[in-house]
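K.L.:
only geometry, no sequence info:
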């Protein structure tokens with residue numbers, strides 16, 4: 001009989017153990033439900049707190065970004081102003097350099113033309129004045145008034161630059177010999193001598 005009492009004791013212990021496990025599982029389940037309810041209740045509060053904190057951070061970030069953007073815009077404006085000043089200065093320097101180059105070129109061309117004997121505008125004007133003075137002298141001596149040399153000289157001077165060296169030499173010659181005698185009229189061409197006619201054939 002000893003054996004019979006032992007299993008009954010075992011089953012009683014097993015029942016007590018099962019009841020304890022059941023009670024423990026029930027308590028764990030209730031604790032989980034409580035935690036879930038509390039988390040749900042606290043979750044809404046935490047969510048609202050996080051949204052509020054996010055709005056604050058967004059405001060601060062936006063204000064900082066606008067401040068930095070304003071500073072950068074100011075710097076860019078200053079740089080643009082400086083670039084405008086530098087560009088104006090460079091443009092003035094380029095214009096001055098171009099003007100100097102143009103002046104040097106004009107002077108060299110004038111010297112080259114002078115070496116070739118091409119008269120300058122002032123030389124042509126002096127020649128015109130000299131011709132006018134000579135015409136006045138001729139008229140005062142009783143000669144016929146000359147045609148308008150000024151208009152002819154003005155038209156010919158720019159059109160034919162190749163004759164200009166001759167005009168310059170003529171001006172120099174006219175200044176050197178103011179009282180030159182009048183040139184002789186060209187002779188009429190001679191008539192060709194007639195050959196005797198050939199005898200007529202009979």
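P.N.:
Arrived safely, thanks for sending. Since the structure is predicted, the reported quantities are computational estimates derived from the model, not experimental observations.
K.L.:
Mind naming the longest helix for this structure?
P.N.:
Looking across the chain with DSSP state H, the single longest helix is helix 2-116.
K.L.:
which helices and strands sit right next to the very next helix or strand once past that one?
P.N.:
Once the chain leaves helix 2-116, the next helix or strand it forms, by DSSP states H and E, is helix 121-140. Helices and strands touching helix 121-140, by 3 or more CB pairs under 8 Å, 6 or more residues apart in numbering; DSSP states H and E, are helix 149-159, helix 164-176. Every residue, glycine included, has its C-beta placed from N, CA and C.
K.L.:
which intervals of this structure have sub-threshold pLDDT?
P.N.:
1-9, 143-202 (pLDDT under 70).
K.L.:
can you do 50?
P.N.:
Applying pLDDT under 50 to the chain picks out residues 1, 159-162, 164, 167, 177-183, 202.
K.L.:
Can you get me a residue count around residue 116?
P.N.:
Using other CB atoms under 10 Å, residue 116 is surrounded by 10 other residues.
K.L.:
Over to residue 120?
P.N.:
13.
K.L.:
From residue 38, how far off is it?
P.N.:
Applying CB to CB, to the nearest Å, the value for residue 120 to residue 38 is 110 Å.
K.L.:
Tell me what angle the longest helix of the chain forms with helix 121-140.
P.N.:
If you take axes from the mean of the first three to the mean of the last three CA atoms, to 10 degrees, helix 2-116 sits at 20 degrees to helix 121-140.
K.L.:
Give the other helices and strands that helix 2-116 contacts.
P.N.:
Judged by 3+ CB pairs under 8 Å, 6+ apart, helix 2-116 is in contact with no other helix or strand.
K.L.:
at 10 Å what do you get?
P.N.:
helix 164-176 (3 or more CB pairs under 10 Å, 6 or more residues apart in numbering; DSSP states H and E).
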